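>>> Structure for the following, please:
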Amino acid sequence: MRRLAAPFLALCLLASLAAASRAGDIEFTASVDQTTVGLGEQFQLVLSVRGEDMLSVPQPSLPAMTAIDVLGRSSSQSTNISFIGGQMKKEATVSFIYALAAKQLGKLTIPAATLSYQGRTYSTQPIELTVEKSPQGQATPMQGAPGGPGVPQTRSQIPLEGNLYLSVTASRRSVYVGEPIAIDIALYTRFQVENGGWAVVPTFDGFWNEKVFDANRFDFVRKTIDGRTFGVADLKRAVLFPISPGEATIKSMGFNVAVVQQSQSIFDMLGSTQSLRVDSKPITIKVLPLPEAGKPAEFTGGVGRFTLTGALDHTVTTNGEPVNLTVRLTGTGNLRMIEPPKLGLVPGLKILTPETKDDVRVEDGSVRGTKTFRFPIIPQGDGKFEVPAVTVAYFDPETKGYKKLSVGPFAFSASGSTTSAPVTEASGLKVLGTDIDYIKPDVTSLGQMSMDPPWWPNVMMLLSLGTVGLAVGYRSHSQRLQSDRGYARMSRSTALVKRRLKQAEQLLKKHDEKGFHAELSRALLGYLGDRFNLDTPALTRDQLRSALSERSVATPTIDALFEVVDRCEVARFSPEAASRDPRQLFDAARDVMARI
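Just a heads-up that it's a prediction; the model follows:
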């Protein structure tokens, strides 16, 4: 048992050390939307970077791929903020999206992509692909469709023109910026076709693209047009939102098909196929600008028709516990393009950047759903607070005018929050009493006195003058303490901050890191408030920075101060705080206060 226990303990220790070394790392992964693709068919590669408290991420390095073309790229970012047990967890995900197309049959490998972040290099896993002549599950030989009675089967019977074409239709040709356009792409044929694939992959430059449908096989439906029977297969549907005014063009698209030709010889029992390419015609869309006249300041980019709701998750909070304000915009329109509404400043409250979530679906050529904004609100003091009403403006294309929606205000109360210590009132100078020494009248008791003046009265006189000066100064100081609040706060700033730092150090020795960071932040902000007579809980970051600059605090000192405060705040609300050195943060705070 002893022989087995020692390696087991060593293995556990190594595992725990490895887990600790991974704390705070990012996760870098790669994925594709399909692993079996057709030759020349577009597929998607997504490189995802995820991590807590993650800073801006650079573009990953995509390896050189001789058998795969990169057709385009885009990116998206999302942030998720959650509060668990009074601690804030902030997780961000950045996705780098690449449109690819294989140009070689067989087994292909997408090599590992790399990313350099904060001095470390991360790699994804390689991805194996199978490239076939046609996409997976696409186009088996048509059995009588679109052929069959009344429908020709060979090109020798009818001309190609007008009997095989690629159709692209738009639901409208004139729209406002952000107004949706439904796009349908279909193959019309009077021939029997086997296989097909994109020769020119559809791209929609100048539009936000909401994918609805992408076909992975031919599904022909009979349609009669001008007395002729066609087989019609839908290839792609999308909803487009133009992003800038002017003329936007949906470019020409190309599609390759294999047309089955009937046997022309008794020795060719199976017939043959001929590869053909059909191209669509470009479509020009007139995009109208949103009117500037009457555009409200609360406009956040919404175009469509919406409703607005909002609520607080609770109306009473204690010990600095955050309150979440959730605002939901529901309706039809360009939901993904709408920016968060702006909340007004509220003294005593810190309103963080909102978490944004989309829940949308496409129905009948329009995008419907809900966009949710969740604002974490942290009280900086005790009392009753009211967040002003949230107002969102949007443009309604039907009425060709702007509309406003409002919800709120939202009230809640807070207690036990972090505030600066109250300024104690100074006490006045008290005269404790005096002694009187009387002259003795007994002549016989009088001794011989020297005629030389003694030295000690001069010393006593100097001491008395000094005492009077000190008394006058102390009296003036006491009166000023009672009448001048700023002077009183500054006079007590050093003593108060020493006491707070001592309390923070005691909490650190007890391994109460959450309490330590709260007390250290309170000491630093309280020292600033007492030193410069500022109401720091009611000031925003920019207002506090401006106030310190006006009082001749050096810019490097201000930056160092905010760095300490930010680290304390993150440590209070984020589990990652345990990975930092609290003692180093304590020394940095003392250094900042010494420089102020």
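
>>> Bridged to residue 68, which residues?
residue 102 (DSSP bridges).

>>> Against residue 60, how distant is it?
16 Å (Cβ to Cβ, to the nearest Å). Glycine gets a C-beta too; all of them are placed from N, C-alpha and C.

>>> Next one: residue 165 from residue 185, what distance?
Distance, residue 165 to residue 185, using Cβ to Cβ: 12 Å.

>>> Also residue 589?
Applying Cβ to Cβ to residue 589 and residue 185 gives a distance of 62 Å.

>>> Please say which of residue 165 and residue 185 ends up with more neighbours.
Just comparing residue 165 and residue 185: by other Cβ atoms under 10 Å the higher neighbour count belongs to residue 185, 22 against 17.

>>> now the more buried one, what's its secondary structure?
Secondary structure assignment for residue 185 (DSSP: H, G, I helix; E, B strand; the rest coil): strand.

>>> residues contacting it?
Residues near residue 185 by Cβ atoms under 8 Å, 6 or more residues apart in numbering: 166, 167, 168, 202, 234, 235, 236, 237, 253, 280.

>>> Can you show me the strands along the stretch 151-300 of the chain?
Secondary structure of the stretch 151-300 of the chain (DSSP state E, counting those that start in this stretch): strands at 164-170, 174-176, 181-189, 193-200, 207-214, 221-225, 228-242, 246-250, 254-261, 272-279, 283-288, 299-312.

>>> could you measure residue 70 against residue 77, distance?
To residue 77, residue 70 is 21 Å away according to Cβ to Cβ.

>>> Have a look at this structure and report the helix or strand with the lowest mean pLDDT.
The helix or strand of the chain with the poorest confidence is helix 2-22; it has a mean of 44 (mean pLDDT, DSSP states H and E).

>>> Quick check: next helix or strand after that helix?
Downstream of helix 2-22, the first helix or strand assigned by DSSP states H and E is strand 27-32.

>>> Can you list the buried residues in that next one?
Neighbour-count burial for strand 27-32, counted by 16 or more other Cβ atoms under 10 Å, picks out 28, 30, 32.

>>> chain center to the helix or strand harbouring residue 368: distance?
Following DSSP H and E, the helix or strand that holds residue 368 is strand 366-379. Its chain's C-alpha centre and that of strand 366-379 lie 13 Å apart, by Cα atoms, centre = their mean, to the nearest Å.

>>> May I see the buried residues of whichever helix or strand comes after that strand?
Remark: after strand 366-379, the chain's next helix or strand is strand 383-387, criterion DSSP H and E. For strand 383-387, the neighbour count (16+ other Cβ under 10 Å) marks 385, 387 as buried.

>>> Parallel or antiparallel, list what pairs with the following helix or strand past strand 383-387.
Under the assignment DSSP H and E, the closest C-terminal helix or strand after strand 383-387 is strand 390-396. Applying DSSP bridges, strand 390-396 is found paired with strand 299-312 (parallel), strand 401-407 (antiparallel).

>>> Nearest to residue 551, out of those?
Closest to residue 551 of the strands paired with strand 390-396, according to Cβ to Cβ: strand 299-312, at 36.6 Å.

>>> Now do the helix or strand following the closest one: distance to the chain's middle.
Counting by DSSP H and E, the element after strand 299-312 in chain order, helix or strand, is strand 316-318. Its chain's C-alpha centre and that of strand 316-318 lie 26 Å apart, by Cα atoms, centre = their mean.

>>> can you start the count at 59 instead of 1 from here on
Done: numbering now begins at 59, and the last item shifts to strand 374-376.

>>> Strand 374-376 - contacts with which helices or strands?
Secondary-structure packing of strand 374-376 (3 or more Cβ pairs under 8 Å, 6 or more residues apart in numbering; DSSP states H and E): strand 468-473.

>>> okay, now residue 250: neighbour count?
26.

>>> who's in contact with residue 300?
Per Cβ under 8 Å, 6+ apart, neighbours of residue 300: 233, 235, 236, 237, 239, 264, 265, 266, 306, 343, 345.

>>> Give the bridge partners for the closest residue to it other than its chain neighbours, please.
Closest residue to residue 300 apart from its sequence neighbours, by Cβ to Cβ, 6 or more residues apart in numbering: residue 345 at 4.3 Å. Beta-bridge partners of residue 345, counted by DSSP bridges, are residue 233, residue 304.

>>> rewinding a little: would you list the contacts of residue 300 in CSV and tack on distance to residue 315?
Converted to CSV, these look like this (distance: Cβ to Cβ, whole Å):
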residue, distance to residue 315
233, 32
235, 36
236, 36
237, 34
239, 26
264, 29
265, 27
266, 30
306, 28
343, 27
345, 33
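
>>> From the residues you listed, pick the one nearest residue 370.
Nearest to residue 370 among those is residue 236, at 30.4 Å by Cβ to Cβ.

>>> can you pull the contacts of that closest one?
Contacts for residue 236 (Cβ under 8 Å, 6+ apart) come out as 299, 300, 301, 348, 359, 360, 361, 362, 391, 392, 395, 453.

>>> If residue 174 is in a bridge, with which residues?
What pairs with residue 174, by the bridge criterion (DSSP bridges), is residue 179.

>>> pretty sure it contacts residue 117?
No. Applying Cβ atoms under 8 Å, one finds residue 174 not in contact with residue 117, separated by 10.1 Å.

>>> So, low pLDDT: which residues of the chain?
Scanning the chain for pLDDT under 70 picks out 59-82, 111-114, 130, 137-148, 191-219, 319-330, 476-511, 539-541, 596, 631-638.

>>> domain parsing for it?
Each domain of the chain is listed here as a residue range: 83-190, 222-346, 357-473, 542-653, per automatic domain parsing.

>>> how about JSON lines for these, with distance to residue 519 added?
Listed next are the domains of the chain as JSON lines, based on distance: least, Cβ to Cβ, whole Å:
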{"stretch": "domain 83-190", "distance to residue 519": "65"}
{"stretch": "domain 222-346", "distance to residue 519": "89"}
{"stretch": "domain 357-473", "distance to residue 519": "54"}
{"stretch": "domain 542-653", "distance to residue 519": "31"}
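
>>> Looking at these, which is nearest to residue 534?
The closest of the domains of the chain to residue 534 is domain 542-653. By Cβ to Cβ, the value is 10.9 Å.

>>> how about stretch 555-567: buried residues?
Across stretch 555-567, burial judged by 16+ other Cβ under 10 Å covers 555, 558, 559, 561, 562, 563, 565, 566.

>>> Contacts for it next, please.
The contact list for stretch 555-567 (Cβ under 8 Å, 6+ apart) reads 571, 573-574, 577-578, 580-581, 584-585, 588, 640-641, 644, 647-648, 651.

>>> okay if I get the strands of the stretch 209-358 of the chain as CSV plus distance to residue 153?
Output for those, formatted as CSV (distance: least, Cβ to Cβ, whole Å):
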stretch, distance to residue 153
strand 222-228, 28
strand 232-234, 28
strand 239-247, 24
strand 251-258, 23
strand 265-272, 15
strand 279-283, 36
strand 286-300, 19
strand 304-308, 25
strand 312-319, 29
strand 330-337, 32
strand 341-346, 27
strand 357-370, 21
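
>>> So for residue 105, which of those strands sits nearest?
That would be strand 265-272 among the strands of the stretch 209-358 of the chain, by Cβ to Cβ, at 19.2 Å.

>>> Report the inter-axis angle for that closest one versus strand 341-346.
In terms of direction (axes from the mean of the first three to the mean of the last three Cα atoms, to 10 degrees), strand 265-272 departs from strand 341-346 by 130 degrees.

>>> which residue packs closest to residue 383, ignoring adjacent ones?
residue 433 is the one closest to residue 383 (Cβ to Cβ, 6+ apart), at 4.4 Å.

>>> Name the residues that touch stretch 155-170?
Residues from elsewhere that reach stretch 155-170, judged by Cβ under 8 Å, 6+ apart: 88, 90, 95, 97-105, 120-121, 123, 125-134, 181-191, 256, 259.
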